[in-house]
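Participant: Fold the following, please.
(one chain, ligands or ions: 3)
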Amino acid sequence: MTFALFCCFAFMKIQFLGTAAAEGVPAMFCDCESCKNIRLLGGRELRTRTQVLIDGDLSVDFPPEAYVHSIKYGFNLAGLKYIFVTHSHMDHFYAHDFILRGYRYASGFGSPLQIYGNKEVAAVFSECTRREMKPSVAPNVVMNEIMPYRRYLIGRYRLLTLPANHSLTEDALLFYIERGGRGYLHLHDTALPEEGIYGYLSENGAKASLVSLDCTYAGRTGINRPRHMNIDDCALVISKLKAAGVCGADTKFVITHFSHNSNPLTSRLALLEEQYGVVAAYDGLQFDI
Ligand SMILES: [Zn+2]
Ligand SMILES: [Zn+2]
Ligand SMILES: [Zn+2]
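Facilitator: Residues are numbered from 1 along each chain as shown. Ligands and ions are numbered 1, 2, ... in the order given. Got it, this is the predicted structure:
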């Protein structure tokens, strides 16, 4: 029994709660053929906006569905200690909700929730909470600014930040997150990242057991990809991570953040899984690494 408990604790638990790009799948205001079909099929074909939950107390990004995710997957947002925010786009950082962490809206939630994000994320936090944040709630949510190519120790997590290739107006971030010798690499949202990330990860001893990759365009080739990747880009990133020694034979690669424009049916993604040796994420997919 003791041994089993120890094993459970040692694993890092990674849950993909949402796996769609900003507009959702089906897209919020869309009546294209792909969205119509996905509405009819339902189930695993439905995708909410991107959120990854780690060990129940760390969330990468906080989409508009964060509350719905907590009900659907049976966890309590009161247990969340940290949020690492990749960038300020609304599908990754829905800051209005933070006014609810106190007053008559919430109790029993422990120490202040620590949010980590770039300067633009901090600006969005201020904008979205300005009108409704009660003075008694404000100390319960703390915004911390972080920058690319930095090392942080946050609670029991080691965090390396990397620059994404995603926005001209902010330093969007990618994350390597480690706990107890287990490593998770979070590579979205981004187009092909700059070459410097591979050396930085390697120099800082990053060893990823699980990598999630921006595959917004899935199998679409021959299109302009300034902010996101397709499967061929993902394959190139994977080969560079392996060459840098950040990933090995046992590393799992997950593709995610799909757009309705890619018609991301599970049956179509299964073909990419087979051809490229990746796992296509769906809402609720979970790993113990
Ligand atoms: Zn996004
Ligand atoms: Zn559509
Ligand atoms: Zn974005």
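
Participant: The stretch 151-289 of the chain against ligand 1: which residues are in contact?
Facilitator: Listed as neighbours of ligand 1 in the stretch 151-289 of the chain under the rule Cβ under 5 Å from the ion: D189. (Each C-beta comes from the backbone N, C-alpha and C, glycine too.)

Participant: so the residue in the stretch 151-289 of the chain that ligand 3 sits nearest to, which of the three states?
Facilitator: Distances between the stretch 151-289 of the chain and ligand 3 by Cβ to the ion are smallest at D189, namely 3.9 Å. The three-state label given to D189 by DSSP: H, G, I helix; E, B strand; the rest coil is coil.

Participant: Disregarding residues adjacent in the polypeptide, which is nearest to it?
Facilitator: The spatial neighbour of D189 that comes closest, neighbours along the chain excluded (Cβ to Cβ, 6 or more residues apart in numbering), is H166 at 4.8 Å.

Participant: so what's the one you found up against?
Facilitator: Counting by Cβ atoms under 8 Å, 6 or more residues apart in numbering, H166 makes contact with H87, A172, D189, T190, A191, R227, H228.

Participant: In terms of helix, strand or coil, where does it fall?
Facilitator: Recorded secondary structure, H166: coil (three-state DSSP).

Participant: That one and Y217: what is the separation?
Facilitator: 14 Å (Cβ to Cβ, to the nearest Å).

Participant: Repeat that for L168.
Facilitator: From L168 across to Y217, the span is 19 Å (Cβ to Cβ).

Participant: same thing with T169?
Facilitator: Distance of T169 to Y217, computed by Cβ to Cβ: 22 Å.

Participant: These two - which one has more neighbours?
Facilitator: Taking other Cβ atoms under 10 Å, T169 and Y217 do not tie; Y217 has more neighbours (24 against 8).

Participant: Could you double-check that that one sits in contact with M229?
Facilitator: Yes: in this structure, Y217 is within contact of M229 by Cβ atoms under 8 Å, at 6.8 Å.

Participant: and the next element down the chain from the helix or strand bottoming out on mean pLDDT in the chain?
Facilitator: For the chain, counting by mean pLDDT, DSSP states H and E, helix 2-10 ranks last in confidence among helices and strands (a mean of 52). Sequence-wise, the next helix or strand downstream of helix 2-10 (DSSP states H and E) is strand 13-18.

Participant: Counting by contacts, list what that next one packs against.
Facilitator: Other elements packing on strand 13-18 under the criterion 3 or more Cβ pairs under 8 Å, 6 or more residues apart in numbering; DSSP states H and E are strand 51-54, helix 66-72, strand 285-288.

Participant: right, so those: which one is the most enclosed?
Facilitator: With neighbours taken as mean count of other Cβ atoms under 10 Å, the helices and strands packed on strand 13-18 reach their highest mean count in strand 51-54, at a mean of 24.

Participant: circling back to that earlier point, so for H166 and Y217, which residues contact both of them?
Facilitator: Residues touching both H166 and Y217 (Cβ under 8 Å, 6+ apart) are H228.

Participant: mind listing what P139 touches?
Facilitator: Residues near P139 by Cβ under 8 Å, 6+ apart: P112.

Participant: burial measure for the residue in the stretch 1-150 of the chain that ligand 1 sits nearest to, as a count.
Facilitator: With Cβ to the ion as the measure, D91 is the residue of the stretch 1-150 of the chain nearest to ligand 1, at 4.5 Å. Per other Cβ under 10 Å, the neighbour tally for D91 reads 22.

Participant: next one: N37
Facilitator: 13.

Participant: what does S202 give?
Facilitator: Neighbour count for S202, taken as other Cβ under 10 Å: 15.

Participant: Regarding it, what is its secondary structure?
Facilitator: S202 falls in the helix class when you classify it by three-state DSSP.

Participant: Surely it touches G245?
Facilitator: Yes: using Cβ under 8 Å, S202 is in contact with G245, at 5.6 Å.
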